[in-house]
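**Q** Okay, here's the prediction I keep looking at, along with the sequence it came from:
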Amino acid sequence: MERRNFLKKTALGSVGMLAAPYILPSGRLFAATGARKVNHVVFCLFAGGVRNWESVQKAEGNLMPNILSGNEAITNDIASSMSALPSSPLSAPMQTMGTLFREFRFSDGPTGHYNGHTTAITGQHTNTALNLRAAPEWPTVFELYRKHSNPAASATNAWWVSHTNNLYPLLNYSSHPSYGPQYGANQISPNQLFSNSGLNALGNSYAIDPDVAEELDRLRHFTNAQFDVPFSAAAGLENSKEGRDQIQAFINRMVQEAQGGQHNNPWNIPSGMNGDMRNIFYAEQVLEEFKPELLVVNMFGVDVAHTNFTEYCNNLRRADWAVAHLWDTIQNTPGLANDTLLIVAPEIGRNANPNTILDANGRPALDHTTDDAVSREIFCLMLGPSGVVNTGNVVNQVTGQSIDIVPTIADALGFLPETNGILPGRVLQEAFV
């Protein structure tokens, strides 16, 4: 298919996907251990700001029964406002299948959503100088994996499934001089890409925050250029025709199914699927089609906590169900089952003290600010094959930080950092046998 027609008929011409598949040059700053723990890692950012009080500490009862063990009853007023959900996709809570760090920390930097995402995806703390119009300073987990794990592998092995196109596609790759767009992942924002407005505007940019429109447009031009530039003129890059054709067929199929209504409520949720569920659903489609070695997906529905505490609790419960469905899909997908490490962690917490906005139940809403220690309290759950990940293990002491997730992913996929300052965190060895 001609490039122009391909970009028009799929979403690759939009900002919905910001990187094309390509073959990488060699070169290592990381030492390959040759001893992978698993061949696939899925990192789910349970994002939007989740306070430990409502999650692992169960202040309102067990709002996350698919992830956490325990039958603590949900507070009456919250329970009466919960959306109906099907029974659990799993036979037991995920906590029993892996290691739960109950007192994880986002230990440094402003407690903003984008700061939290940047720290989790780069393994580096951020500061107030974080540029919301530029790629991060330090390499992302996608770049580290693409450059140092298996440089000859197709880019279809790395995916970033973000809940929106606002800011978050910038986390695909960094401005670090040793890395950059040639080491990025394939990136999609399916809630926009496959929405009614997205389907009606394929090949065009979406209405996005003007503060990042310029940067996203630059990334879009980079993507388009990769279809025309030969290997010799593209700074060592070469498109993988096989990967490009597979992505083309996948996007075409997703578009057709979405237009046919097959994605309206594929999980048969009685109350309907929210944005978090839909983003996880599309991440599952990517996993089943490409079986990537690295996939990062995020959720954001709980951020309604700024104005509605009850709906925050409701969306926390829906996100919990979605993660259980994700793990069930992984365990029932040949090539991924018993060979995948799943990491689940919020990007930041929320304040100890509420703001002045009350919901229908008279519950005050919650913000997140840097000077509030509770907004730094998060959790982390790691699941994987038996014999690799400790099962039923709960780490109750304050240990582990969000900067430790990228080194743990690097360790699981068989490459470790040398002393170069790129990853200051540590491998979360407590999770492994």
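**A** Okay, I see it.
**Q** Secondary structure element for residue 268, which one?
**A** In this assignment (DSSP states H and E), residue 268 forms part of neither any helix nor any strand.
**Q** Mind pulling the model confidence for it?
**A** At residue 268 the predicted local distance difference test score is 98.
**Q** from memory it sits against residue 86, does it?
**A** Yes - shown here, residue 268 and residue 86 form a contact pair, counting by Cβ atoms under 8 Å, at 6.7 Å. In short, each C-beta sits where N, CA and C put it, glycine included.
**Q** Specify which residue of the two has the higher count of neighbours.
**A** Neighbour tally, residue 268 and residue 86, criterion other Cβ atoms under 10 Å: the higher count belongs to residue 86, 11 against 8.
**Q** And what about that one, helix, strand or coil?
**A** Per DSSP: H, G, I helix; E, B strand; the rest coil, the secondary structure class of residue 86 is coil.
**Q** Look up how far residue 357 lies from residue 125.
**A** For residue 125, the distance to residue 357 equals 30 Å [Cβ to Cβ, to the nearest Å].
**Q** neighbour-wise, which of those two wins?
**A** residue 125 (18 against 15).
**Q** Now do the same contact list for the more buried one.
**A** Contacts for residue 125 (Cβ atoms under 8 Å, 6 or more residues apart in numbering) come out as 107-109, 119, 403, 424.
**Q** Residue 50 and residue 428, how far apart?
**A** The gap separating residue 50 from residue 428 is 19 Å, by Cβ to Cβ.
**Q** Name the residue in the two with the higher neighbour count.
**A** Applying other Cβ under 10 Å to residue 50 and residue 428 shows that residue 50 carries more neighbours, namely 30 against 24.
**Q** Might you report the residue contacts of the more buried one?
**A** Listed by Cβ under 8 Å, 6+ apart, the contact partners of residue 50 are 302, 316, 346, 349-350, 378-379.
**Q** ok, so of the residues you listed, who is nearest residue 154?
**A** The closest of the contacts of residue 50 to residue 154 turns out to be residue 346 (Cβ to Cβ; 31.3 Å).
**Q** what's near enough to touch that closest one?
**A** Taking Cβ under 8 Å, 6+ apart, one finds 45-50, 55, 116, 378-379 in contact with residue 346.
**Q** Excluding chain neighbours, what is closest to it?
**A** Nearest non-adjacent residue to residue 346, counting by Cβ to Cβ, 6 or more residues apart in numbering: residue 50, 3.9 Å away.
**Q** State the distance from the one you found to residue 132.
**A** Noted for residue 50: a distance of 22 Å to residue 132, by Cβ to Cβ.
**Q** Start and end of stretch 344-351, how far apart?
**A** 21 Å (Cα to Cα, to the nearest Å).
**Q** Kindly report the same for stretch 77-89.
**A** Across its full length, stretch 77-89 reaches 26 Å end to end, with Cα to Cα as the criterion.
**Q** Name the residues of it that are buried.
**A** Applying a neighbour-count criterion of 16 or more other Cβ atoms under 10 Å, the buried positions in stretch 77-89 are 78, 81, 85, 88-89.
**Q** what about it, distance to the chain center?
**A** When distances are taken as Cα atoms, centre = their mean, to the nearest Å, stretch 77-89 is centred 24 Å away from the chain's centroid.
**Q** for stretch 343-361, same thing?
**A** Centroid displacement of stretch 343-361 relative to its chain, using Cα atoms, centre = their mean, is 20 Å.
**Q** Stretch 109-127 now?
**A** Stretch 109-127 sits 14 Å away from the centroid of its parent chain (Cα atoms, centre = their mean).
**Q** what's the first-to-last distance across it?
**A** The first-to-last residue distance of stretch 109-127 comes to 5 Å (Cα to Cα).
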